[in-house]
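Colleague: Quick one: sequence and predicted model below, then my questions.
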Amino acid sequence: MSVFPAVFHPYNTWLIKRHFSRVHLHRNSHAPASGRTIVVMNHSTWWDPLLLLYLNQRLWNLDGRALMDREGLDRFPFFEKVGALPVDTSTLQKTKESLAEASAVLDDEKPLFLFPQGREVPLGAPIRISSGAAWLKTEVPDTRIYNMTFYHGLFHQQQPEWFVYVSEITGAPSWSRKQWTSHIQTCMQEQFHFVQDQIFSRDQADWQTVLRGAEGIGAAWENVKGLWKGAGR
């Protein structure tokens, strides 16, 4: 087994802590199951795979593979060393071959992580997904599907914060690929709106902080003001 993931994890943790103030996980989140599992995620930034990698190594430790576009892996080959599986959609035949490789991962009873939007889409844009996850579900029917929502933004700190919610998607065994695609897409959109509404309402009681990162100038200034007030007493 490659030692690269173990070596990369401390660096990845440092990188996230340096660029973000907090990572929060919803308290009602479902930990993705091991075995034949597909985890679908919305995709808006280059950071998404790195956050996924951190969460998996920090919380779940699932021995899975993440599907990533071949072009993206060519640009950032280190992702392949930490478990990314290339997906080539340049032709229909190559797409089928890539899905067959992904199906083999599920047959080997290992989880798959994938971004069904296929590319980075601005946060908040309508979620539109490909049929890849549904194809895998119908090929390996006993596969469980989880929906992981990523939301990030600038709120109370100088640095951005991340919010993550994970739930299981269930459906009828008799559903067609088209029905599964529509259902997964609807669940992803509805869960995104739920997370967004909670954040906009500033209702953060249901979120637990799993990583504390850079405090930024604002927090440093608050600390200085606290010292001044203490010295003035």
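Modeller: Thanks, I have the structure now. If you're wondering where the values come from, they're calculated on a predicted model, not measured in any experiment.

Colleague: how close does Q57 get to A104?
Modeller: 23 Å (C-beta to C-beta, to the nearest Å). The C-beta positions use only the backbone N, C-alpha and C, and glycine is treated the same way.

Colleague: the more surrounded of the two?
Modeller: Q57 (18 against 13; other C-beta atoms under 10 Å).

Colleague: Return the distance of the closest residue to R177 other than its chain neighbours relative to K178.
Modeller: Excluding the flanking residues, the one nearest R177 by C-beta to C-beta, 6 or more residues apart in numbering is A134, at 4.5 Å. Distance from A134 to K178, counting by C-beta to C-beta: 7 Å.

Colleague: The two - which one has more neighbours?
Modeller: Counted by other C-beta under 10 Å, A134 and K178 do not tie: A134 has more neighbours, with 25 against 11.

Colleague: can you pull the pLDDT of the more buried one?
Modeller: A134 is assigned 97 on the pLDDT scale.

Colleague: Show me what the helix or strand hosting it is packed up against.
Modeller: According to DSSP states H and E, A134 maps onto helix 132-139. Packing partners of helix 132-139 (3 or more C-beta pairs under 8 Å, 6 or more residues apart in numbering; DSSP states H and E): strand 37-41, helix 92-107, strand 112-114, helix 177-200.

Colleague: Might you list the low-confidence residue ranges for the chain?
Modeller: For the chain, the stretches with pLDDT under 70 are 1-3, 203, 216-233.

Colleague: show me where it has strands.
Modeller: Listed in chain order, the strands of the chain (DSSP state E) span 22-26, 37-41, 65-69, 84-87, 112-114, 144-153, 161-169, 207-212.

Colleague: Of all these, which one is nearest F4?
Modeller: F4 sits nearest to strand 84-87 of all these, at 11.8 Å, using C-beta to C-beta.

Colleague: now for that closest one, which elements pack on it?
Modeller: strand 65-69, helix 70-75, helix 92-107.

Colleague: from the middle of its chain, how far away would that strand be?
Modeller: Distance of strand 84-87 from the chain centroid (C-alpha atoms, centre = their mean, to the nearest Å) equals 15 Å.

Colleague: Parallel or antiparallel, list what pairs with that strand.
Modeller: strand 65-69 (parallel) (DSSP bridges).

Colleague: hmm, who's touching the partner strand?
Modeller: 49, 52-53, 79, 83-87, 89, 98, 102, 105, 110-115, 118-119, 132 (C-beta atoms under 8 Å, 6 or more residues apart in numbering).

Colleague: Now restrict these to buried residues only.
Modeller: The neighbour count (16 or more other C-beta atoms under 10 Å) marks 49, 52-53, 79, 83-87, 98, 102, 105, 110-115, 118, 132 as buried among those.
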